[in-house]
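S.K.: only geometry, no sequence info:
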């Protein structure tokens, strides 16, 4: 467990640094990227492109490995098809992301700037997650 | 905003991808921040996740270090208080219902060509762009 948690901390450090370096942490930049019909700022496309290079390589390596370094199996979800919950969730997330310009990673990283807006957004995000947990995830809980 | 400097976003993207790749190859898991937040908060039905707490602690540390030593972030939040609340609620609820966000579906899911993640990513990118468009239409400016 120690090696796994240590690994998670190191990966988190890289992730958090990446969010600041790429400027994904700036809601105005994100909304300018999403503003395709207006004064479009395409620079964040390079974030996605840059991120996909190492992560795709990692998935190629993964296909050759029996297990990850610090666990006895991979925990990647099975490749089932899209369903209504997935699409509905993506729509709601898309509206929230467009309204503010923050998604979960940058919102957490933005807490380090001490801005009250980041704290409020993260609080509301947690409330949304708790609502999901106690409203929609109930049946799954009972059958567990 | 008109200046397009691609080196910062490209470098940041590479760091994010390295993080996701290392996380997969060391712990066998997907570096999806919405899932990690829910796991760290004990909202996934398996108690409070040490991996989630470790990862998010790392995100805070990495963001702080990068802001101090690499690039001072400019944070421009243009949304009003009600919009921040509504946006946060939708992002929290939506990412749980849709099993992921920009990192889980966008970075990790696209990398392994998961059909679910491709659909989710196209959906939230399109809807977010439409939302920004609608806001600009109705509110005058973003």
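M.R.: Great, that's in hand. Just so it is clear, the model here is predicted, and its values are computed rather than measured.

S.K.: and the gap between residue B:117 and residue A:65?
M.R.: Residue B:117 sits at a distance of 21 Å from residue A:65 (criterion: CB to CB, to the nearest Å). The way it works is simple: take the backbone N, C-alpha and C, and place the C-beta from them, glycine included.

S.K.: With neighbour numbers in mind, choose between the two.
M.R.: Neighbours per residue (other CB atoms under 10 Å in any protein chain shown) separate residue B:117 from residue A:65, with residue B:117 holding more: 27 against 12.

S.K.: check which helix or strand covers that one.
M.R.: Assigned by DSSP states H and E, residue B:117 belongs to helix B:115-139.

S.K.: Please apply the same query to residue A:3.
M.R.: Element membership of residue A:3, judged by DSSP H and E, is helix A:2-22.

S.K.: shaky segments in chain B?
M.R.: B:1-4, B:140-142 (pLDDT under 70).

S.K.: At the geometric centre of it, which residue sits there?
M.R.: Among the residues of chain B, the one closest to the centroid is residue B:102, at 4.6 Å (CA atoms, centre = their mean).

S.K.: which residues are in contact with stretch A:119-138?
M.R.: Identification of contacts with stretch A:119-138 by CB atoms under 8 Å, 6 or more residues apart in numbering or on different chains yields A:100, A:102, A:104, A:107-108, A:110-111, B:34, B:37-38, B:41, B:43, B:45, B:81, B:84-97.

S.K.: Report the distance from that stretch to the chain centre.
M.R.: Chain-centre distance of stretch A:119-138: 15 Å, with CA atoms, centre = their mean, to the nearest Å.

S.K.: now stretch A:64-79
M.R.: Distance, centroid of stretch A:64-79 to centroid of chain: 20 Å (CA atoms, centre = their mean).

S.K.: So what would you say the end-to-end distance of that stretch is?
M.R.: End-to-end distance of stretch A:64-79: 18 Å, with CA to CA, to the nearest Å as the criterion.

S.K.: buried sites along the helix holding residue A:3?
M.R.: Within helix A:2-22, the residues that qualify as buried by neighbour count (16 or more other CB atoms under 10 Å in any protein chain shown) are A:4-5, A:7-22.
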